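Student: model the following, please.
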Amino acid sequence: MGTERFVVLGLARPRCEWFRQVGQWSTSAAIPAEFLRCVTVEELRRRLVGGRPYSCALLDGSLATVDRDLVQAVRDAGAVALVVDDHRQRRDWVALGAAAVLPVSLSREVLLDTLATHVPLVPVAAPPLGDDPGGGDDLDRVLAAARVAAVCGPGGTGASTVSAALAQGLGQSAAPGQVVLADLARNGEQAMLHDVRDVVPGVQELVEAHRAGTPSVEEVRSLTFDVVERRYHLLLGLRRPRYWATLRPRAFVAAFRSLRRSFATVVCDVTADFEGEADAGSLDVEERNLMARTAVDQADVVFAVGRPGVKGTHALVRVLADLAAFGVAPSRIVPVINTAPRHPRARAEMTAALADLAGPGLGGHATSGPVFLPERRVEEALRDAVGLPAPLPAMLAGAFEATFERLGAQEHRGGPEPVLVAPGSLGAASGGAGQW
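Tutor: The predicted structure is shown next:
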């Protein structure tokens, strides 16, 4: 059944605040609009001539590429041009063809009023979540609907068990088959924790299927195991840690998108190692950490798992600093203290110590309050392959839902912006004489 709504194209500078807010409003349904972000003006022009109807284009007036010709291209495509301008260049955008000029301190009310006044609605097909999106526009909408949680922690803290408990808690409050637990750690242990006798299929087969095509939702779901007792599906991890070298970066990113297309919520068990080429000077290191970097980059909520005590607190603080250095907003990080002490005073001391020690690594910003998981008979549940004991699943699912409700979906950062190479700069000396 078709519906009518606003379909909005967007073009702005990287990390532009109003651009990010419009994306969040669209994702959370705060505005009745589908917002499609464009990285370059070439992408915007390609979408305009692609045959799909658009309501309008939100253009950043501070970009040199936004000019009369681009505004006219938007109008030629049957859309309305709206310019968000800081008035530093003093251009008369209305005279250049724009329907309206919006302030950079764009509010939801101003945007809604402008859309209602100047922008027409367009018919948009609304296929169900499980349908295979053939084009990038539908893919943007589907990815915005899927939620992602990443769970990581130092070795021996029980991060893999916490991720399974989180998936169970989210699965208990969702329709059957809507949650998947993806084992994306280099040392994959979910097959052992779930007593899965088979070693295939797993993440390697999923990525291989995306090297030369795009599997359907049914094909993606067939590569997972249905954990009936806990109400989620399981994607097995690498069969050997060294097999990370078989995962090609673009194929893995496409495979991760397919997981988000096939399930409403994706819980990722990842290794707490996010170093990239810029950190270590090696592309191999970045590709080794590809699974963790991709999952954390797209995660709406990141759970950092630690244990009580001096060593446990120190290791957890290091993981929190690594997440912040990678670019995860501290407000989206939820510390988890596994097998926490029961006494309120001991928990208060741990909370204070964590805030005091993690503050510098987080740039002075605070994370969400820690979740204290009491000690329960987890070993028996794993041995008997039954549901993990209460209240662990409910506590973790509640922390995820509360954080997601407060912050909304995470806007995919997509890594650093490409930098143009100045003609003649390659091979030139970068320092003094004799330095290259």
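Student: L382: what's it in contact with?
Tutor: Residues near L382 by Cβ atoms under 8 Å, 6 or more residues apart in numbering: 161, 193, 195, 388. Glycine gets a C-beta too; all of them are placed from N, C-alpha and C.
Student: go again with 10 Å.
Tutor: Residues in contact with L382 (Cβ atoms under 10 Å, 6 or more residues apart in numbering) are 161, 164, 192-195, 388.
Student: of these - the most surrounded one?
Tutor: Using other Cβ atoms under 10 Å as the neighbour test, those are led by A164, with 31 neighbours.
Student: so that residue sits right up against A191, yeah?
Tutor: No - A164 lies out of contact with A191 (Cβ atoms under 10 Å); the separation is 11.8 Å.
Student: quick one: common contacting residues for the two?
Tutor: Contact criterion Cβ under 10 Å, 6+ apart; residues shared by A164 and A191: 183, 234.
Student: before we move on, the earlier item: closest one to G359 out of the contacts of L382, please.
Tutor: Top of the list for closeness to G359, among the contacts of L382 and by Cβ to Cβ, is T161 at 28.5 Å.
Student: domain parsing for the chain?
Tutor: Following automatic domain parsing, the chain resolves into domains at 2-126, 141-407.
Student: pick out the shakiest of those domains, pLDDT-wise.
Tutor: Lowest mean pLDDT within these: domain 2-126, a mean of 88.
Student: quick one, strands of the stretch 301-436 of the chain?
Tutor: Using DSSP state E, counting those that start in this stretch, the strands of the stretch 301-436 of the chain run over 301-306, 333-337, 371-372.
Student: in a markdown table: those, plus distance to A402 and mean neighbour count.
Tutor: Listed next are those as a markdown table, based on distance: least, Cβ to Cβ, whole Å; neighbours: other Cβ atoms under 10 Å:
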| stretch | distance to A402 | mean neighbour count |
| --- | --- | --- |
| strand 301-306 | 9 | 28 |
| strand 333-337 | 9 | 25 |
| strand 371-372 | 10 | 20 |
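Student: what comes up buried for the strand or helix carrying S163?
Tutor: In the assignment (DSSP states H and E), S163 maps to helix 159-172. Across helix 159-172, burial judged by 16 or more other Cβ atoms under 10 Å covers 159-171.
Student: what angle sits between it and strand 333-337?
Tutor: Interaxial angle of helix 159-172 relative to strand 333-337 (axes from the mean of the first three to the mean of the last three Cα atoms, to 10 degrees): 110 degrees.
Student: list the strands paired with the next helix or strand after helix 159-172, with their directions.
Tutor: With elements assigned by DSSP H and E, the helix or strand that comes after helix 159-172 is strand 179-184. Strand pairing for strand 179-184, using DSSP bridges, gives strand 232-235 (parallel), strand 265-270 (parallel).
Student: what's the following helix or strand after the last one?
Tutor: Sequence order places helix 277-280 as the next helix or strand after strand 265-270, per DSSP H and E.
Student: I'd like the next helix or strand past that following helix.
Tutor: Of the helices and strands lying after helix 277-280 in sequence (DSSP H and E), the nearest is helix 283-288.
Student: what's in contact with that next one?
Tutor: 186, 241-242, 244-245, 247-249, 252, 271, 273-280, 282, 293, 415.
Student: CA atoms of it as CSV?
Tutor: Written as CSV, here are the backbone C-alpha positions of helix 283-288 (Å, rounded to 0.1, in the frame of the first residue of the first chain):
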residue,chain,number,x,y,z
LEU,A,283,46.2,-1.2,7.1
ASP,A,284,46.5,-4.8,8.2
VAL,A,285,45.7,-3.8,11.8
GLU,A,286,42.6,-1.9,10.6
GLU,A,287,41.4,-4.9,8.6
ARG,A,288,42.0,-7.2,11.5
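Student: may I see the buried residues of it?
Tutor: Under the neighbour-count criterion of 16+ other Cβ under 10 Å, helix 283-288 has 286-288 buried.
Student: likewise for stretch 375-384?
Tutor: Buried residues in stretch 375-384, counted by 16+ other Cβ under 10 Å: 378, 381-382.
Student: adding distance to L70, write those residues out as JSON lines.
Tutor: Formatted as JSON lines, the buried residues of stretch 375-384 follow (distance: Cβ to Cβ, whole Å):
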{"residue": "V378", "distance to L70": "58"}
{"residue": "A381", "distance to L70": "59"}
{"residue": "L382", "distance to L70": "58"}
